[in-house]
Structures are given as C-alpha cells and as structure tokens.
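S.K.: Attaching a predicted model along with its sequence, questions to come.
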Amino acid sequence: MNTIALRAEAALHAHPHPALRIPELLDLIANDVDRSLTAERLRSILESHPDRFRILEAWTRRWKSKHADDGDSVIDRTWVVAIADGGDPPDGPRSVMRLRESVRWLGRGIDGRSALEVSRWYAITLAERDARAALVKTAA
C-alpha cells in the first residue's frame, strides 16, 4: 500500500474523532510524508484503497452551520473514515470510545450516493464531536 495511505490510516486510527475532513487529515500527515501533498492528491490516493477508506461528501445545504463556511470547496466538505480495523482506538472514557467506534462503524455502511444517508451520517458525526467535547469536560 502507498506510504501516504498507510500514514493516513494510522492518523485516522490514532485520532480521537472517527472521521476527518480531507484538509484536517492533510494537516496531520503532510509534514511527515510529503509537504507538497494537496487535498486533491490525497483524496485520489485514498480513493484507490476502497477496502481501507470511505470517502463521503457532505452535501451543500440551505441553512448555515457553525461547522462549515459558505466558501468551502467540495474537497473541504469531504470526509474520510478508516473502515479497516486498526487495533485499539485512542485512550479515553469508555462512553467516548463507544461513540467514536459507532460513528466509524456507521460510516462503513453508508451509500455515498444517497444524499439522505450521507446527511444523516454527517449530522451524527458533528454531534459526536460536540458530545465528545462535553463528555471529556465532564470526565476531567
């Protein structure tokens, strides 16, 4: 497998969130593998490994979100989920880890062509990020 894909998969498994936007993943791995790596090139590399990664595009909606800017490009709204098991998830409270793995598991079975399924998963993913922040504060 490609070195960039291996590093991306390791970063996804080590990150507290189960899914990352392409730019977030790029920020995590670009300095380690290739500083000239672009978001478009990273996406094409990940798409060449459908058995390891799930690429999901959040559809553009009419209402505004605190998580997305109106000026985002399609690549900025593209999410990546590592679908292959990567061993133990990062440390954290049990409830947070269960929530993380549930969102990751849901991402494995989504029909990427269905705007409804992707939008539901997208909402769950954003809710997981908010819930993680609240649960980690409570646990600390």
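M.R.: That came in fine, so what should we check first?
S.K.: what bridges to the residue nearest in space to the middle of the chain?
M.R.: For the chain, the residue sitting closest to the mean C-alpha position, by Cα atoms, centre = their mean, is Ala19 at 2.0 Å. Bridge pairing for Ala19 (DSSP bridges) gives the partners Val81.
S.K.: Which residue ranges of this structure form helices?
M.R.: 3-14, 22-33, 39-47, 94-108, 115-139 (DSSP state H).
S.K.: Those helices into JSON lines, with extra columns for mean pLDDT and distance to Ile83?
M.R.: Yep, even glycine has a C-beta here, placed from its N, CA and C like the rest. Output for those, formatted as JSON lines (pLDDT from 0 to 100; distance: least, Cβ to Cβ, whole Å):
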{"stretch": "helix 3-14", "mean pLDDT": "92", "distance to Ile83": "10"}
{"stretch": "helix 22-33", "mean pLDDT": "92", "distance to Ile83": "14"}
{"stretch": "helix 39-47", "mean pLDDT": "94", "distance to Ile83": "11"}
{"stretch": "helix 94-108", "mean pLDDT": "87", "distance to Ile83": "5"}
{"stretch": "helix 115-139", "mean pLDDT": "84", "distance to Ile83": "13"}
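S.K.: Good, we can wrap up now.
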